[in-house]
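> Output the structure for:
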Amino acid sequence: MIRRIILGATAVCLPGVALAKPPAASGVCATYPSAPACMGQQPACTLCHSAPPQRNVFGASLEPHLAPGAPRPLSDGDFAMALPAALRAVEWEDADGDGVPNMEELLRGTWPADAASAPKAPRDCVAGQNPAYDVCRYDLRFAYRRVLLDFCGRSPTYAELQAFTTRSEDSQRELLDAELDRCTESEFWRGKNGQLWKLAHPKIRPVGSIKSGEDAGPIPLADYYDDYALYAYAQLDDHDAREVMTARFHVRRQTDPTRYTATPTLPSQFVEEAHRAGNLTSRWSLVSFVMFTALPRNAASQSYRAYLGLDIAMQQGLYSVPGEPRDYDAKGVQAPACAACHATLDPLSYPFRNYNGISGLSSTARYVPGRIERYFAAEAPTITQIPESGFLLGQPVRDLQEWAQVGANSDAFAISAVTDYWKLLVGHAPTAEEQPEFVALWQRFKGVHAYSVQRMLHELIRTEAYGAP
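Coordinates of the predicted model:
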């Protein structure tokens, strides 16, 4: 079943004769380095393809300009050399017919193949149109209402609003900060099934039927409340948000009120400290994402998606490694329909090779040196040659601890973390018009805020995207 899921998710990447090319993303960013899709990341294959090898309207407009007359398929090198000229050739065309030239869409962060995705004109507003709020700019009263709703889960009372309006502007800003700090102490924000837990749902992917511990299901295999505890701990109290990937410790949750405390061990967790990598190596992650597989592609792709925001099934984050995929486990991933995605996915998965899921009762959810040799040696002729070193974001890594460190220090991690809160609090992913504020926010999250979510939130509530009605 796992094999079907993984191959089904990744085999869409690229085949037949009209291959989607791994150098395409870097070629686009070399041509348009200021494009929002290139700010700390790279465009997905869907910029030019609907479901490769099928090109979308933008990809189809490029094709005649890609080394015309050269034999097909183009080599990666020939493609990379031809792409910038092809992009320049269609800059002033309007592939999707939305009235906006391709180049303007790329530079403003919309998609030149999607007529529904187009830059918006500046808001046409006049001061005084709305008697309650200043709809033309950041409105402190509007931001105050949002802060109480988003962080405390309630609207301000009439008396609170009246008291707020009597304050000076500086005093209003001070109160916004104070209310944010007060509300992030609340059960609504940090408690079980609170706002932080909701952010963690797609990362942890809970399944109640196999939960152990509190609220156990009928087949108690692992307690994912430990994962929620570590995630919440990393988000709170000026802790380093990267610890969700890098922590060598565990976190204990206390209730009434909810508090999270770091602890060196938990009876529900089995991986020894030297081999831990935050929630990537929790008992829940190993049981539910590694399960019975030799090469844990599902665990790698889930970690890539959950903490770096890159979904290989959506053709995102492809950094092909030369000579890959090697297909050590004989799953057929060298087939044209799979190879382009697996050239990223398989090296991404190698550092997980010794983390056991369910195979062997005494070894469940543990780091097992020689795991492949012990449990899977008969599955394929070269399966024991799977290395523990691999690649992440095009960078070689020795093991999963280095995988986690490289990932946690990457732009992708900062973008993904800040995007989570932007979507929760602003209500949608950053739009093209919001990109300048968003890019500044994730860059400061890495630098000025030192990966403190609390500090980042104080700046997020100051953005026009959050505080303008």
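
> Quick check: residue 251 vs residue 430, distance?
Per Cβ to Cβ, to the nearest Å, residue 251 is found 30 Å from residue 430. Every residue, glycine included, has its C-beta placed from N, CA and C.

> For residue 287, give me its contacts.
By Cβ atoms under 8 Å, 6 or more residues apart in numbering, the residues touching residue 287 are 210, 221, 222, 357, 358, 364, 365.

> Setting the sequence-adjacent residues aside, check what's closest to it.
Using Cβ to Cβ, 6 or more residues apart in numbering and skipping residues adjacent in sequence, the residue nearest residue 287 is residue 222, 4.3 Å away.

> For that neighbour, give me the pLDDT.
The model reports residue 222 with a pLDDT of 97.

> In this structure it contacts residue 290, no?
No - using Cβ atoms under 8 Å, residue 222 is not in contact with residue 290, being 11.1 Å away.

> Strands of the protein, start to end?
49-51, 54-55, 250-254, 259-263, 390-392, 395-397 (DSSP state E).

> For the residue nearest to residue 287, grab the count of nearby residues.
For residue 222, the count of nearby residues is 26 (other Cβ atoms under 10 Å).

> check contacts around it.
210, 211, 212, 268, 282, 283, 284, 286, 287, 288, 365.

> For the last one, grab the count of nearby residues.
The burial metric for residue 365, expressed as a neighbour count using other Cβ under 10 Å, is 23.

> Also residue 91?
Neighbour tally, residue 91, other Cβ under 10 Å: 15.

> Looking at it now. What's its pLDDT?
85.

> Quick check: residue 32 touching residue 106?
Yes - using Cβ under 8 Å, residue 32 makes contact with residue 106 at a distance of 5.2 Å.

> These two: which is more packed in?
Each of residue 32 and residue 106 has its neighbours counted (other Cβ under 10 Å); residue 106 has more, 24 against 18.

> distance of that one from residue 43?
Distance, residue 106 to residue 43, by Cβ to Cβ: 9 Å.

> hey, what's in contact with both of these two?
By Cβ under 8 Å, 6+ apart, residue 106 and residue 43 have these common neighbours: 28, 35, 37.

> Let's have those in TSV, adding distance to residue 321 and neighbour count.
Below are these laid out as TSV (distance: Cβ to Cβ, whole Å; neighbours: other Cβ atoms under 10 Å):
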residue	distance to residue 321	neighbour count
28	20	21
35	25	20
37	22	20
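
> Relative to residue 313, which of these is nearest.
Ranked by distance to residue 313 (Cβ to Cβ), those are led by residue 37 at 18.4 Å.

> ok, for the closest one, nearest residue in space, not its chain neighbours?
residue 43 is the one closest to residue 37 (Cβ to Cβ, 6+ apart), at 4.3 Å.

> so who does the one you found touch?
24, 25, 28, 29, 35, 37.

> again, but for residue 226
With contact taken as Cβ under 8 Å, 6+ apart, residue 226 is in contact with 213, 250, 251, 266, 268, 269, 282, 283, 284.

> what about the spatially closest residue to the fifth one that is not a sequence neighbour, how many neighbours?
Across the structure, with Cβ to Cβ, 6+ apart as the measure, the residue nearest residue 268 apart from its sequence neighbours is residue 223 (4.9 Å). Residue 223: 23 surrounding residues under other Cβ under 10 Å.

> One more: residue 210?
The tally of other residues near residue 210 (other Cβ under 10 Å) stands at 17.

> Could you do the one 10 residues further on as well?
Other residues near residue 220 number 12, with proximity taken as other Cβ under 10 Å.

> How many neighbouring residues does the residue nearest to it when sequence neighbours are not counted have?
Once flanking residues are discounted, residue 220 sits nearest to residue 212: 3.5 Å by Cβ to Cβ, 6+ apart. Neighbour count for residue 212, taken as other Cβ under 10 Å: 19.

> measure residue 212 to residue 225 for me?
To residue 225, residue 212 is 9 Å away according to Cβ to Cβ.

> cool, and residue 92?
Taken as Cβ to Cβ, the span from residue 92 to residue 225 is 55 Å.

> which one of these two has more residues nearby?
More crowded of residue 92 and residue 225, by other Cβ under 10 Å: residue 225, with 19 against 10.

> residues in contact with the more buried one?
Contacts for residue 225 (Cβ under 8 Å, 6+ apart) come out as 192, 211, 213, 214, 215, 253.

> are any of those residues buried, and which?
Those of the contacts of residue 225 that meet the buried threshold are 192, 211, 253, by 16 or more other Cβ atoms under 10 Å.

> Next up, the contacts around the last one.
So the one you mean is residue 253. Contacts for residue 253 (Cβ under 8 Å, 6+ apart) come out as 192, 225, 228, 229, 232, 259, 260.

> switch to 7 Å and redo it
225, 229, 260 (Cβ atoms under 7 Å, 6 or more residues apart in numbering).

> Model confidence at the last one, what's the number?
pLDDT, residue 260: 98.

> domains of the chain?
21-108, 140-183, 184-409, 411-467 (automatic domain parsing).

> and residue 119, which of those domains is closest to it?
Residue 119 lies closest, by Cβ to Cβ, to one member of the domains of the chain: domain 21-108, at 4.3 Å.

> got a pLDDT number for the residue sitting furthest away from the middle of the chain?
For the chain, the largest distance from the centre (Cα atoms, centre = their mean) belongs to residue 166, which lies 42.0 Å off. Note for residue 166: predicted pLDDT of 96.

> ok, now residue 332?
pLDDT recorded at residue 332 is 96.

> With residue 95 instead?
What the model reports for residue 95 is a pLDDT of 85.

> Can you tell me which of the contacts of residue 226 has the most neighbours?
residue 282 (29 neighbours).

> for this protein, which spans come out with low pLDDT?
Counting by pLDDT under 70, the chain contains low-confidence ranges at 1-22, 51-53, 121-131.
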